[in-house]
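Engineer: task: produce atomic coordinates for the following.
(one chain, ligands or ions: 1)
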Amino acid sequence: MGIRTNVAQAASSVVTWGLRTLARRPAANLPGIVGLALDPALIQDLRGRIRQGSIVVVGTNGKTTVTNVIADVLERSGASVACNRTGANLKSGVASALLHTRGADWGVFECDELWSANVVPDLRPTYFLLLNLFRDQLDRCGEIDRIQDAIVSGLEGSPNTTLIYNADDPLCEFIAQRAAASPARASAPANISFGVEGCMNLAQNAVADATICQSCSSMLTYAYRQYGQLGAYACPECGFTRPTLDFAATDVRLNPHGLEFAITGKRAGERAQLAARLSGTYMVYNLLAVFAACTVMGCTQPQIQAAVSAFDPKNGRLQDYRLHGRRTLLNLAKNPTGFNQNLRIVGGDGGPRVVAFFINDRDVDGRDISWIWDIDFEELLSQPNIQAVFAGGSRKNDLQVRLKYAGVDAQLVEGVEEVFTRIADAGDVAPDAAVYAIANYTALPPVKAALDKMAAAEAGASASEEREPPQSAVEEFAETTVGSEEPASDDGFDQPPVRIVHLLPDLLNLYGDGGNVRVLKQRLAWRGIPVEVQEVRFGETLDLDAADLLFIGGSPDREQRMASEELGRVRDELAAYVEEGGPVLAICGGYQMLGRTWLLDGEEVPGLDILPLETRRPGTSADRLVDNIALDSVLAGRPVIGYENHAGRTVLDGDAEPFGRVISHTGHGNTDDGPREQAVDGVRYKNVIGTYLHGPLLPKNPEVADWLLVRALERSQARVGRGEALQLRPLDDAEEAAANEYMAARLIRR
Ligand code: GLN
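Structural biologist: Here you go, the predicted structure:
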């Protein structure tokens, strides 16, 4: 060890002592931060402390659980292990774990996806375990391609590392193929794949994060899909396909309290079995990853099974409590896929229960919460016995609005304690109703701390105080607070449905924009106006004569190019629709495409030339405009609140009218070129609104939604030959207004 390393070790030992003894904190990051400041090559310098080998665990969902179970398996097999068990997964977290060990047989390190580019070449791990890639923190990552680039570059910097990866995820398979083809990895060991063989027959979610082949940009087809983009995919054009699996889970059996599956495959040896008292389909993938990794690291099936059986997470991931006589389950969910999996866990429990969601928007959570609109909260409607739903966290108002549009009446709470007091006070929740608390990244620790405190207090109290629920009471509470999706028609409109056309939802779907369509639809339904949403997917025919409102969302560039080529086929019809006053809401990528031209990596792509604007894109995709934003628009009395995430810079023709003027202290709108006081966003052209605002736009800005709906209604009336002017009855928008005001207060200098 060199002098620098010694100094770094000494300084971080002091920091560790201080944190653990004085502040009673786990010292998971700060020692590494201090150590790396003194010795930037610290990880390289300390990697020799790991004697046998190390594994780095990367992936959007499941890292902490998989890392902990692998470390448990290795410890059970008699090895000493260095591990960042608490989930501190930046470079400092890995460095801290190395600083805390004097020497270990194995290193097991969870690592952030983007940071892996930096950590892996320094650490030179024996194995790199890639679990999955879902969109998460798009404001930090830009687009998923960037994460893939980071992972490939990390692997290139450590050519002897074996990649073990989830081949059911086409995004991971693509990484595996790129790594295998990279000259830097010409002598690398062969990749090892795992996946689930056979369809698990799960209901599909509305939005998948990857739909097209990354080799040739064709639509992927699936023999079966498990959830998200995971499944048995193939590209009909270029032959990109899920490979033969080295470790395949088969005969998967799931119930609300546990799971079981067999493992076969080229590398799996004899057919093995694994069972766990953990719920959730995603745990099948997590435990399969554990099995694959531990098997190649030399552990046996009984060692793996024993560690899995004993695994009792105390870190808020699927953590079980018994509080006030209620089963209470706490879990982390931080992206649509994770949340959807959690809703399935809630759905698997048919008994009386309440659900509380907590969403924060700090930097590490992702400041953009558009993604909550891609969670299938609508599934709660079909789940019987949900007796109350709560929304907490700093973005509780947004969550409440999201749930409102899913037909779910959610109560706002300040913390999880309030959930328990509310249900105790309300008297209409069964005494034995379970509590499910689901929280995103920074929302989780306070919920966990509160639950831990309640558990400790109860453990101290006399067991005899616990009251068993009277059996008869349970039935009385069978009624749920969850409303019906289609409220009864009250205004008695007698007319054919207003037709909202959602263009290419299979390509343009990554930024929660589909929420706009949900809002438009519900605001008509709540007024008793018949409404129909038609999704026109890639390859399907668009009938504009039967359309009253068009919606086009945003997407990463690859999908945007496909979408723009597809829409190019109906360019003239679209232009005629716009010229005759057909209403359109076009967001971000969808907005760019309607202009004259836009740029893709420096290449000029012709737009549809319908709107008076063009989009320029200086710099790389890292040079993005990503932030909260508020506008002053003539279409709304309140500020229009949204979130932007784009690389393109759009310039309006001289006489074109913007959608609004930027009035927030963050965000740029069309472009960051020019004085801030003159910053504008979007365009208004005839009855078209083009804008960069995700968020999505309409839930917090219902006036804009109604502006579009008035025009859609006019068109639909005209279509059926009726001339009378229709008024839109005002709705109770108190929840939308509260969500708007909360953000306006944060964003606008007054
Ligand atoms: N790909 C486009 C850009 O980055 C649009 C992205 C989006 O729709 N958010 O400019």
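
Engineer: is it true that Gln177 lies in a helix?
Structural biologist: Yes: assigned with DSSP: H, G, I helix; E, B strand; the rest coil, Gln177 falls within a helix.

Engineer: that one: how many residues sit nearby?
Structural biologist: 16 (other CB atoms under 10 Å). Backbone N, C-alpha and C define where each C-beta goes, glycine included.

Engineer: go on, Arg616?
Structural biologist: Applying other CB under 10 Å, we find 14 other residues in the vicinity of Arg616.

Engineer: mind listing what it touches?
Structural biologist: 599, 648-651, 671 (CB atoms under 8 Å, 6 or more residues apart in numbering).

Engineer: could I get the residues you listed as TSV with distance to the ligand and neighbour count?
Structural biologist: Output for the contacts of Arg616, formatted as TSV (distance: CB to the nearest ligand atom, whole Å; neighbours: other CB atoms under 10 Å):
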residue	distance to the ligand	neighbour count
Leu599	9	18
Gly648	3	25
Arg649	8	23
Thr650	9	26
Val651	13	15
Thr671	11	20
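
Engineer: in CSV: these, plus secondary structure, pLDDT and distance to Ala636.
Structural biologist: Output for the contacts of Arg616, formatted as CSV (DSSP: H, G, I helix; E, B strand; the rest coil; pLDDT from 0 to 100; distance: CB to CB, whole Å):
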residue, secondary structure, pLDDT, distance to Ala636
Leu599, strand, 83, 31
Gly648, coil, 91, 24
Arg649, strand, 93, 24
Thr650, strand, 95, 21
Val651, strand, 96, 24
Thr671, coil, 95, 22
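
Engineer: and these, which is closest to Asn68?
Structural biologist: Asn68 lies nearest to Gly648 out of the contacts of Arg616, by CB to CB, at 41.6 Å.

Engineer: tell me the pLDDT of the residue of the stretch 251-400 of the chain found nearest the ligand.
Structural biologist: Residue nearest to the ligand within the stretch 251-400 of the chain: Ser370 (9.5 Å; CB to the nearest ligand atom). Each residue has a pLDDT score; the one for Ser370 is 95.

Engineer: what's the answer for the one 4 residues further on, then?
Structural biologist: Note for Asp374: predicted pLDDT of 93.

Engineer: test my guess that it contacts Asn509.
Structural biologist: Yes: under the criterion of CB atoms under 8 Å, Asp374 makes contact with Asn509 at 7.4 Å.

Engineer: these two: which has the busier surroundings?
Structural biologist: Comparing Asp374 with Asn509 by other CB under 10 Å, the one with more neighbours is Asp374, at 26 against 22.

Engineer: distance of that one from Thr328?
Structural biologist: Going from Asp374 to Thr328 by CB to CB, to the nearest Å gives 27 Å.

Engineer: ok so, going back, and the residue of the stretch 251-400 of the chain closest to the ligand, what does it touch?
Structural biologist: Taking CB under 8 Å, 6+ apart, we find Ser370 in contact with 511-513, 515, 643, 694-696.

Engineer: for Lys448, same thing?
Structural biologist: So Lys448 contacts 315-316, 319, 330 (CB under 8 Å, 6+ apart).

Engineer: what's the spacing between Ile663 and Met743?
Structural biologist: Here the criterion is CB to CB. By it, Ile663 lies 12 Å from Met743.

Engineer: may I see the buried residues of stretch 215-225?
Structural biologist: Buried residues in stretch 215-225, counted by 16 or more other CB atoms under 10 Å: 219-220, 222, 225.

Engineer: test my guess that Asp623 contacts Arg649.
Structural biologist: No: look at Asp623 against Arg649 with CB under 8 Å: they stay out of range, at 9.7 Å.

Engineer: so where is this structure shaky, pLDDT-wise?
Structural biologist: Within the chain, the segments meeting pLDDT under 70 span 141-142, 462-494, 618-622, 725, 750.

Engineer: how about the residues of it by the ligand?
Structural biologist: 511, 554-557, 560, 588-589, 645-648 (CB under 6 Å from any ligand atom).

Engineer: closest to the ligand out of these?
Structural biologist: Once CB to the nearest ligand atom is applied, the member of the residues of the chain next to the ligand that ends up nearest the ligand is Gly554, at 2.2 Å.

Engineer: isn't the closest one up against Ile587?
Structural biologist: Yes: using CB under 8 Å, Gly554 is in contact with Ile587, at 4.9 Å.

Engineer: thinking again about what came up before, buried members of the residues of the chain next to the ligand into ChimeraX, please.
Structural biologist: To isolate the buried subset of the residues of the chain next to the ligand in ChimeraX, counting by 16+ other CB under 10 Å, use the following:
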select :511,554,555,556,557,560,588,589,645,646,647,648
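
Engineer: which ones among the residues of the chain next to the ligand map onto strands?
Structural biologist: With DSSP state E as the criterion, strands contain 645-646 from among the residues of the chain next to the ligand.

Engineer: contact partners for Ile372?
Structural biologist: Per CB under 8 Å, 6+ apart, neighbours of Ile372: 336, 339, 359, 395, 398-399, 402, 512.

Engineer: repeat that with 6 Å
Structural biologist: Shown in contact with Ile372 (CB atoms under 6 Å, 6 or more residues apart in numbering): Arg402.

Engineer: how far away is it from Glu559?
Structural biologist: Plainly put, Ile372 is 21 Å away from Glu559 if you go by CB to CB.

Engineer: do the same with Asn645
Structural biologist: Look at Asn645 and Glu559: by CB to CB, they are 14 Å apart.

Engineer: okay if I get the contacts of Lys448 as a markdown table plus neighbour count and secondary structure?
Structural biologist: As requested, these are exported to a markdown table (neighbours: other CB atoms under 10 Å; DSSP: H, G, I helix; E, B strand; the rest coil):
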| residue | neighbour count | secondary structure |
| --- | --- | --- |
| Asn315 | 17 | coil |
| Gly316 | 20 | coil |
| Gln319 | 20 | strand |
| Leu330 | 26 | strand |
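
Engineer: which residues does Val536 bridge with?
Structural biologist: Here Val536 shows beta-bridge partners Leu503, assigned using DSSP bridges.

Engineer: Ala546 is in contact with that one, correct?
Structural biologist: No: Val536 is beyond contact range of Ala546, at 10.9 Å (criterion: CB atoms under 6 Å).

Engineer: still on that earlier bit, quick check, nearest of the contacts of Arg616 to Leu524?
Structural biologist: Distances from the contacts of Arg616 to Leu524 were compared by CB to CB; the smallest belongs to Thr650, at 30.2 Å.

Engineer: for that closest one, give me its contacts.
Structural biologist: Residues touching Thr650, when contacts are defined by CB under 6 Å, 6+ apart, comprise 613, 615, 670.

Engineer: surely the second one is within a strand?
Structural biologist: Yes: when classified by three-state DSSP, Thr615 is found to be part of a strand.

Engineer: isn't it up against Arg596?
Structural biologist: No: the pair Thr615 / Arg596 is not scored as a contact, 8.6 Å apart, by CB under 6 Å.

Engineer: returning to what we had before: farthest-apart pair in the contacts of Lys448, please.
Structural biologist: Greatest spacing in the contacts of Lys448, by CB to CB: Asn315 and Leu330 (9.6 Å).

Engineer: excluding chain neighbours, what is closest to Asn701?
Structural biologist: Val640 (4.9 Å; CB to CB, 6 or more residues apart in numbering).

Engineer: and that neighbour, what does it touch?
Structural biologist: By CB under 6 Å, 6+ apart, the residues touching Val640 are 631, 633, 660, 701.
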